[in-house]
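>>> quick check, what structure comes out for this input:
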Amino acid sequence: MIVCPNCNHSNPDGAQTCEACYTPLPATATCPNCGATVQADASFCGQCGFNLKASRATEEIFAGNIGTDISAEIPELETPEPLVEPQRLVISAQPSAETSSQSYLAETPISQPESTPPPASTTAGASPGGSFNTQLQQQTIKLLHVQTNTNIELPQNLTVIHIGKPNDRIPPDIDVSGFPNSEIVSRIHADIRVEGDAYFIEDVGSSNGTYINRRPLQPGDRHRLRAGDRIALGKGDLVTFLFQIS
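Numbers count the residues shown, from 1 in each chain. As a prediction, the model looks like this:
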């Protein structure tokens, strides 16, 4: 069938004008791959997708329409002269395997492996045998009480560290009852939460609040602690700690 490019009417094969609008129909041809009827100027077959342009180019080459003159004479190539004059190989008596091995060992220098300096050690000293032992240093997290210059090391085996004073509900991991002005600190005052290498502090409903770098920490919010942060439990900056990493 030939589809009219003007009104899309399907006309029978071989028709030259459209039966519906009398528009001249394009010339048709047969797909060499599947035999379907295609337009003569089509690039690909609508049935099988065959490349019609490549097929026409091949037909033109074999038909002699495209110049493929290969009758031109190919000039003879001159044989180049050798760069090095060949020498006749003289084969002498072959030495024994033992003699060849001794001669090779005598003429071949034995390379000594380069000495590699020992890697730098991170330890404070060496063992009696001269070998260095690697010592891993673990970070220590501390709270420095500003008013008394007292260091409190945070427990390393806890993920939640309770700060407050002795009570029957949640006993504190860091007891501040012995510090001056501890009466402004609630019994359940704040928590420090450990998540990987990060430390977060949050107020858990204290009466006088928690202040980070002199700014109030709202209940429910948490602050990621960094070295040097100033933590005040209660108003007036009377019970103050510095967060330290060593």
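>>> next up, the contacts around Asp173.
By CB atoms under 8 Å, 6 or more residues apart in numbering, Asp173 lies in contact with 155, 158, 161-163. From N, CA and C alone the C-beta is placed, and that goes for glycine too.
>>> okay, these in a markdown table with distance to Val239 and secondary structure next?
Output for the contacts of Asp173, formatted as a markdown table (distance: CB to CB, whole Å; DSSP: H, G, I helix; E, B strand; the rest coil):
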| residue | distance to Val239 | secondary structure |
| --- | --- | --- |
| Pro155 | 20 | coil |
| Leu158 | 21 | coil |
| Ile161 | 16 | strand |
| His162 | 16 | strand |
| Ile163 | 10 | strand |
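>>> next SSE downstream of the helix-or-strand element of the chain with minimal mean pLDDT?
Of all helical and strand segments in the chain, the minimum by mean pLDDT, DSSP states H and E falls on helix 97-107, at a mean of 51. Per DSSP states H and E, the first helix or strand lying C-terminal to helix 97-107 is strand 141-145.
>>> helices and strands around that following strand, which ones?
On a contact count with 3 or more CB pairs under 8 Å, 6 or more residues apart in numbering; DSSP states H and E, strand 141-145 meets strand 150-153, strand 240-245.
>>> contact partners of it?
Contacts for strand 141-145 (CB under 8 Å, 6+ apart): 150-154, 156, 174, 179, 199, 231, 239-246.
>>> ok, of the residues you listed, which come out buried?
Buried by 16 or more other CB atoms under 10 Å: 152, 154, 174, 179, 199, 231, 239-241, 243-244, out of the contacts of strand 141-145.
>>> quick one: which two of those are the most distant?
Greatest spatial distance in the buried ones among the contacts of strand 141-145: Phe179 and Tyr199, 20.8 Å, computed using CB to CB.
>>> picking that back up, kindly reformat the helices and strands packed on strand 141-145 as CSV containing mean pLDDT and distance to Glu76.
Output for the helices and strands packed on strand 141-145, formatted as CSV (pLDDT from 0 to 100; distance: least, CB to CB, whole Å):
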stretch, mean pLDDT, distance to Glu76
strand 150-153, 95, 95
strand 240-245, 96, 86
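>>> return the mean pLDDT over stretch 214-227, rounded to an integer.
Throughout stretch 214-227, pLDDT has a mean value of 92.
>>> residues of that stretch that come out buried?
So stretch 214-227, judged by 16+ other CB under 10 Å, has buried residues 217, 222-223, 225.
>>> which residues of this structure score low on pLDDT?
Within the chain, the segments meeting pLDDT under 70 span 1-2, 13-14, 40, 46, 52, 54-75, 82, 84-137.
>>> can you give me the domain assignment for it?
Domains of the chain are assigned by automatic domain parsing as 2-63, 141-245.
>>> all helices of the protein, in order?
Listed in chain order, the helices of the chain (DSSP state H) span 52-63, 97-107.
>>> re earlier: and the helices and strands packed on strand 141-145: which comes nearest His9?
Among those, strand 240-245 comes nearest to His9, with 85.1 Å by CB to CB.
>>> elements contacting the closest one?
Against strand 240-245 (3+ CB pairs under 8 Å, 6+ apart) you get strand 141-145, strand 230-233.
>>> residues touching it, excluding its own?
Contacts to strand 240-245, defined as CB under 8 Å, 6+ apart, come from residues 139-147, 151-152, 199, 225-233.
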